[in-house]
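Return atomic coordinates for the entry below.
(chains A and B)
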2 protein chains.
Amino acid sequence: MSNFYEKESAAFKACVESLKTKNEKVVVIGHVRPDGDCIGSTVAMVRILRSQGIDAVGVNNDEVPANLKFLIGDTPFYLASEFTNEEHICITVDSADYKRVGPSLNEMFTEVFLNIDHHISNKQYSKNDIIIGSASATAEVIMGFVLDLGWEIDATTAQALYVGIATDTGQFRFPSTTKDTFEMVKALCDFGAKPSEAANELYENESFARIKLIQLFLASLKIECDGRVCFGFLTDSMYQESGASIDDADGLVDYARSIEGIEIGVLLEERKGTLKGSLRAKDPKFRVDQIAQAFGGGGHACAAGLNVSEMAIEAFKPQVLAKIKEQFALLEKE
Amino acid sequence: MSNFYEKESAAFKACVESLKTKNEKVVVIGHVRPDGDCIGSTVAMVRILRSQGIDAVGVNNDEVPANLKFLIGDTPFYLASEFTNEEHICITVDSADYKRVGPSLNEMFTEVFLNIDHHISNKQYSKNDIIIGSASATAEVIMGFVLDLGWEIDATTAQALYVGIATDTGQFRFPSTTKDTFEMVKALCDFGAKPSEAANELYENESFARIKLIQLFLASLKIECDGRVCFGFLTDSMYQESGASIDDADGLVDYARSIEGIEIGVLLEERKGTLKGSLRAKDPKFRVDQIAQAFGGGGHACAAGLNVSEMAIEAFKPQVLAKIKEQFALLEKE
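Here you go, the predicted model:
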């Protein structure tokens, strides 16, 4: 048996024991606009709880994205609008702020029993918060528990956790990728995870509309701050022209960051009157979470997001740029 | 100590012992147009031999690509044109055919002492051939020896082997990625490999010109054959408009293949009067090598290429399309 998170694994076990003893019904929920780690962690947590004899189901505010549907298998998983709360006990995964699960689930569950996450910015809103900031993904946190506790998981659970880790590390490219990540992935393969099958599902089913959206986005890229920052935009008219949906914007900000010399990539995106910002840094020292926080957002040191309302891209861009320059100036002082 | 390749690790050790005993000078060479696995394996093999007290250097026919230069460190590594053979004993890495090292090295070394590779098609042209077809990369073969023999490697060697594995598996996406791959990568991290630093060097130094070329290429994509084939183009004028070089076209055909429903992606590229075609299939059953062969090209079942002269894109595209339709028809008959 391994020892990734001694205290936290024991705390998780105690939570599971308590749910089992009280014969509770459990709902596992994740954040809106679910990504690979959110769906992977929800599916895995539901299946792990069920393997422990607990009546658990997964629920999300939004549809599971098309390229993640293969993870669900025979896991009971519902849309919030289809789900009826029958005094279910609520567990959140991968949700730094309870608001992130969406208003309908916020209303349905006023109390959270257990909150499992890897975001250091997690607001610790539950009865039992288990936050491991050093983990690359919530799926890595969950796999740590599995290995520490010596539990068995099935191949569907292993694949769900694998996809959580593979997607949240950008295929093992982000600084969050550690030797623990690879050790856990090796163990996931032992339990039946299939990396290349996952990759086919994740990356070889792009819609043509998304390809068009990427094309329009790349045409929007502008270099700022003497080549240190790259901004890109997604406007309502680009969505119309390409026929793409908002899910198709996932990962586009990485193109802005990937350019030679660029330290921070930014995506500003129009969404029906609100503006969504995504920030990606090459180095954690840039603390883009702090930049996002200045506009009410948050996230990780290298990847953060924000939302503002009633703001045009042209008006907001200079504000973000000013804050980035402030951050650069602070770093130079250090 | 591990046991990945019992017999082969022992054979490798015997080769090293013999070189050491005879106090031989050694040259490690790889294939022309070197990729991450070629450079990573050459660097690692040179350093491992040197750590065993052997006077080893690396040589390649071609320049080390810009995004792989960070791997070299203080490793003695030369261009073939700069190198003088002083009765060096020759070891090849990652080279399935001895012709692949280029004519000048073929001439310089008429005998190969040791041939280490993971290509099942390896022609076994040396005194000691060690071919492990199940390994994802030649770097994985070398790391297997290191672990089996319980040898120590430094951080530069670990990073070189990491990059060999990461690039040859397409960042752990290809079917060659196994649990052994992840176990070795975990060990490489223990020895000092830094996955995110490697990823920054490999993937976060895109030229803005390449980004523009991608944008123009994506705008050229056309779906054919009821959504089964996607064609994209790169014209001389796109290179001029973007300022990109032909190396910037690497990997662009993958966008054409990655689209939902697409079975074969095709890139047709103008190159000073000749036309270069690249074909990529999602499934080996499409045998794009046979399609390429019809135009004097060749390659693998899933990835093939061809060159034709004095042909315009508009005139050549229908010919390729006709051949693809023929291939589809043949498959339907089977």
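
Compute the first-to-last residue distance for stretch A:211-231.
By CA to CA, to the nearest Å, the extent of stretch A:211-231 from end to end equals 19 Å.

and what of stretch A:46-66?
Terminal residues of stretch A:46-66 lie 20 Å apart, using CA to CA.

same check, this time on stretch A:40-60
The first-to-last residue distance of stretch A:40-60 comes to 12 Å (CA to CA).

What of stretch A:87-105?
13 Å.

What residues of that stretch count as buried?
For stretch A:87-105, a neighbour-count test (16 or more other CB atoms under 10 Å in any protein chain shown) marks A:88-96, A:98, A:100-102, A:105 as buried. (Glycine included, C-beta is placed from N, CA and C.)

If you average the pLDDT over that stretch, what comes out?
Model confidence over stretch A:87-105, given as mean pLDDT, is 97.

now stretch A:43-60
Mean pLDDT, stretch A:43-60: 98.

Quick one: residues contacting A:Ser309.
Contact criterion CB atoms under 8 Å, 6 or more residues apart in numbering or on different chains gives A:273-275 as the residues in contact with A:Ser309.

if I look at A:Leu306, how far off is A:Glu260?
To A:Glu260, A:Leu306 is 26 Å away according to CB to CB, to the nearest Å.

neighbouring contacts of the longest helix seen in chain A?
Scanning chain A for the helix with the most residues, using DSSP state H, yields helix A:313-333. In this structure, residues lying in contact with helix A:313-333 by CB under 8 Å, 6+ apart are A:224-225, A:228-229, A:231, A:233, A:235, A:264, A:266, A:268, A:270, A:275, A:277, A:279, A:285-287, A:290-291, A:294-295, A:308.

Would you write a PyMOL line that selects the buried entries of the residues you listed?
Here is the PyMOL command that selects only those of these that count as buried (16+ other CB under 10 Å):
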select buried, chain A and resi 224+228+229+231+233+235+264+266+268+270+275+277+279+286+287+290+291+295+308
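
just the strands in the stretch 101-250 of chain A please.
Per DSSP state E, counting those that start in this stretch, the stretch 101-250 of chain A carries strands over the ranges A:114-117, A:128-131, A:222-224, A:229-234.

Point out the one among these that comes closest to A:Arg173.
Proximity to A:Arg173 (CB to CB) singles out strand A:229-234 among these, at 17.7 Å.

Which neighbours in the sheet does that closest one have, and how are they oriented?
Pairing partners of strand A:229-234, with direction, according to DSSP bridges: strand A:222-224 (antiparallel), strand A:264-271 (parallel).

Relative to A:Asp117, how far out is A:Asp129?
8 Å.

of those two, who's got more company?
Comparing A:Asp129 with A:Asp117 by neighbour count (other CB atoms under 10 Å in any protein chain shown), the higher total belongs to A:Asp117, at 28 against 17.

what's the nearest residue to the more buried one if we skip its chain neighbours?
Spatial nearest neighbour of A:Asp117, excluding adjacent residues (CB to CB, 6 or more residues apart in numbering or on different chains): A:Ile131 at 5.1 Å.

now stretch A:225-242: how far from the chain's centre is it?
Average the C-alpha atoms of stretch A:225-242, do the same for its chain, and the two points are 22 Å apart (CA atoms, centre = their mean, to the nearest Å).

right, I mislabeled it, should have said stretch A:206-220
Between the mean C-alpha point of stretch A:206-220 and the mean C-alpha point of its chain there is a distance of 22 Å (CA atoms, centre = their mean).

That one near chain B anywhere?
Yes: using CB under 8 Å from any CB of the partner chain as the criterion, contacts between stretch A:206-220 and chain B involve A:206-208, A:211-212, A:214-215, A:218-219.

Any figure for the gap between A:Ala14 and chain B?
In this structure, A:Ala14 and chain B are separated by 29 Å, where distance is defined by CB to the nearest CB, to the nearest Å.

Dump the one helix or strand that residue maps to to PDB, keeping only the CA atoms.
Assigned by DSSP states H and E, A:Ala14 belongs to helix A:6-21. What follows is helix A:6-21 as a C-alpha-only set of coordinates in PDB (Å, rounded to 0.1, in the frame of the first residue of the first chain):
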ATOM      1  CA  GLU A   6      -1.800   9.800   4.800                       C
ATOM      2  CA  LYS A   7      -4.200  12.100   6.800                       C
ATOM      3  CA  GLU A   8      -6.500  12.900   3.900                       C
ATOM      4  CA  SER A   9      -6.900   9.300   2.900                       C
ATOM      5  CA  ALA A  10      -7.900   8.400   6.500                       C
ATOM      6  CA  ALA A  11     -10.300  11.400   6.500                       C
ATOM      7  CA  PHE A  12     -11.900  10.200   3.200                       C
ATOM      8  CA  LYS A  13     -12.200   6.700   4.600                       C
ATOM      9  CA  ALA A  14     -13.900   8.000   7.700                       C
ATOM     10  CA  CYS A  15     -16.400   9.900   5.500                       C
ATOM     11  CA  VAL A  16     -17.200   6.800   3.500                       C
ATOM     12  CA  GLU A  17     -17.600   4.700   6.600                       C
ATOM     13  CA  SER A  18     -20.000   7.200   8.100                       C
ATOM     14  CA  LEU A  19     -22.100   7.200   4.800                       C
ATOM     15  CA  LYS A  20     -22.100   3.500   4.800                       C
ATOM     16  CA  THR A  21     -23.100   3.100   8.500                       C
END
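
how about the strands paired with strand A:229-234 in JSON lines, adding mean pLDDT?
Formatted as JSON lines, the strands paired with strand A:229-234 follow (pLDDT from 0 to 100):
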{"stretch": "strand A:222-224", "mean pLDDT": "97"}
{"stretch": "strand A:264-271", "mean pLDDT": "95"}
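
picking up where we left off before, for B:Gln159, find the nearest of the strands of the stretch 101-250 of chain A.
The stretch from the strands of the stretch 101-250 of chain A with the least distance to B:Gln159 (CB to CB) is strand A:229-234; that distance is 26.9 Å.

Scan the helices and strands of chain A for the one with the lowest mean pLDDT.
When the helices and strands of chain A are scored by mean pLDDT, DSSP states H and E, strand A:298-299 comes last with a mean of 89.

contacting residues around that one?
By CB under 8 Å, 6+ apart, the surrounding residues in contact with strand A:298-299 are A:96-97, A:119, A:121, A:279, A:288-289, A:292, A:304-306.

Can you give the strand pairings for it, parallel or anti for each?
Partner strands for strand A:298-299, per DSSP bridges, with pairing direction: strand A:303-309 (antiparallel).

which parts of the partner strand are buried?
Within strand A:303-309, the residues that count as buried by 16+ other CB under 10 Å are A:303-306, A:308.

Of those residues, just say which sits nearest to chain B.
Of all those, chain B sits closest to A:Ala303, with 12.4 Å by CB to the nearest CB.

Next up, the contacts around A:Arg33.
With contacts defined as CB under 8 Å, 6+ apart, A:Arg33 is in contact with A:62, A:246-247.

still on that earlier bit, so which of the residues of stretch A:206-220 next to chain B are in helices?
Secondary structure of these is defined by DSSP H; positions in helices are A:208, A:211-212, A:214-215, A:218-219.

so which pair among the residues you listed is furthest apart in space?
The most widely separated members of those, counting by CB to CB, are A:Phe208 and A:Ala219 (16.9 Å).

residues contacting A:Lys282?
For A:Lys282, the contact set (CB under 8 Å, 6+ apart) comprises A:257, A:262-264, A:302, B:200, B:204.

Next: A:Asp97.
Residues in contact with A:Asp97 (CB under 8 Å, 6+ apart) are A:121-123, A:125, A:298.

rerun that using 7 Å as the cut-off
Remark: with contacts taken as CB atoms under 7 Å, 6 or more residues apart in numbering or on different chains, A:Asp97 is in contact with A:Lys123.

before we move on, what about the one 4 residues further on?
A:Val101 makes contacts with A:29-32, A:61, A:92, A:95, as judged by CB under 7 Å, 6+ apart.

For A:Ser18, state which of those residues is nearest.
Here the nearest of the contacts of A:Val101 to A:Ser18, counting by CB to CB, is A:Thr92; it sits at 16.7 Å.

circling back to that earlier point, just curious, which of the ones in helices among the residues of stretch A:206-220 next to chain B is nearest to B:Val57?
The nearest member of those to B:Val57, counting by CB to CB, is A:Leu218 at 42.2 Å.
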